[in-house]
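Novice: Fold the following for me, if possible:
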Amino acid sequence: MVSRGGMDDARGRPVALLTFNDEVAAGAQELRLSLFRLLVRDVKPVFPLTLRDVEAFLLRPAAFPTAR
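Specialist: Below is the predicted model:
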């Protein structure tokens, strides 16, 4: 599964694009999207941060990705 989402600060300013690309089991899952701490230090976002526009794609061998 591939998923991605944008991270905005409290002012609505884009901070980062977070991604996840790994196999997951069937059923409800928790995915960890990592944010590089030096990026946070350099960008100096206003907290709290908000995850927005999350997309996920199911990847199948020899098939077109399907949006979930």
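
Novice: Now do the helices in the protein.
Specialist: Here the chain has its helices, by DSSP state H, at 37-43.

Novice: Tell me the spacing between the residue of it most remote from its centre and residue 52.
Specialist: Residue farthest from the centre of the chain, counting by C-alpha atoms, centre = their mean, is residue 62 at 24.8 Å. Per C-beta to C-beta, to the nearest Å, residue 62 is found 33 Å from residue 52. (Glycine included, C-beta is placed from N, CA and C.)

Novice: Also residue 3?
Specialist: In terms of C-beta to C-beta, residue 3 sits 13 Å off from residue 52.

Novice: so how far is residue 41 from residue 54?
Specialist: Per C-beta to C-beta, residue 54 is found 25 Å from residue 41.

Novice: When these two are compared, which one has more neighbours?
Specialist: residue 54 (13 against 9; other C-beta atoms under 10 Å).

Novice: if you skip the residues just before and after it, what's nearest to that one?
Specialist: Of all residues not flanking residue 54 in the chain, residue 5 sits nearest, at 3.9 Å (C-beta to C-beta, 6 or more residues apart in numbering).

Novice: hang on, the one you found packs against residue 18?
Specialist: Yes: if you go by C-beta atoms under 8 Å, residue 5 and residue 18 touch, sitting 5.5 Å apart.

Novice: joint contacts of the two?
Specialist: 33, 51 (C-beta atoms under 8 Å, 6 or more residues apart in numbering).

Novice: one step back: residues near the residue nearest to residue 54, how many?
Specialist: 18.

Novice: Quickly list what residue 52 is bridged to.
Specialist: Using DSSP bridges, the bridge partners assigned to residue 52 are residue 6.

Novice: For it, give me its contacts.
Specialist: 5, 6, 7, 8.

Novice: which one of these is nearest residue 25?
Specialist: residue 5 (20.7 Å; C-beta to C-beta).

Novice: And that closest one, what's its pLDDT?
Specialist: pLDDT recorded at residue 5 is 92.

Novice: Go ahead and confirm residue 16 touches residue 39.
Specialist: Yes: using C-beta under 8 Å, residue 16 is in contact with residue 39, at 5.9 Å.
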